[in-house]
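K.L.:
Dropping a prediction and its sequence here:
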Amino acid sequence: MKEKYFDKYKTIGLKISYYRKLRGLTQEQLAEKIEKNLAFIGAVEAPNVNRTVSLDTLFDIAEALDVPAYKFLTEDE
């Protein structure tokens, strides 16, 4: 990941965490829904970890959480 995008990925991870909790899901349940492992979700949501997310995975997460994908990319929330 480019260093200049670190804060954007951090924001995406925090939003994933927010919507996951809002839906009452654990990290493990979300990981199962998108066919990833628990460590992946933990790394994506951790604000101090440099972990990227592909668009395919972001779309999977959005679908699993029933949230439009653009919500993870906008900075107005």
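P.N.:
Received, thanks. Just so you know, these numbers come straight off a predicted model, no measurement behind them. Numbers count the residues shown, from 1 in each chain.
K.L.:
ok, the spatially most central residue of the chain - contacts?
P.N.:
With distances taken as CA atoms, centre = their mean, the residue of the chain nearest its centroid is Ile16 (3.7 Å). By CB atoms under 8 Å, 6 or more residues apart in numbering, the contact set of Ile16 is 30, 41, 44-45, 61, 65, 72. The C-beta positions use only the backbone N, C-alpha and C, and glycine is treated the same way.
K.L.:
Take those residues and write them to CSV, including pLDDT, neighbour count and distance to Ser54.
P.N.:
As requested, the contacts of Ile16 are exported to CSV (pLDDT from 0 to 100; neighbours: other CB atoms under 10 Å; distance: CB to CB, whole Å):
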residue, pLDDT, neighbour count, distance to Ser54
Leu30, 98, 24, 16
Ile41, 97, 26, 14
Val44, 97, 25, 11
Glu45, 97, 21, 16
Ile61, 98, 24, 10
Leu65, 98, 22, 16
Phe72, 95, 23, 13
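K.L.:
what's near enough to touch Leu58?
P.N.:
So Leu58 contacts 12, 69, 72 (CB under 8 Å, 6+ apart).
K.L.:
now what about the helix or strand containing the last one, what contacts it?
P.N.:
Right, Phe72. Assigned by DSSP states H and E, Phe72 belongs to helix 70-73. Helix 70-73 has contacts (CB under 8 Å, 6+ apart) with 12, 15-16, 19, 58, 61-62, 77.
K.L.:
so where do the helices sit in the protein?
P.N.:
Assigned by DSSP state H, the helices in the chain fall at 6-22, 27-33, 38-45, 55-65, 70-73.
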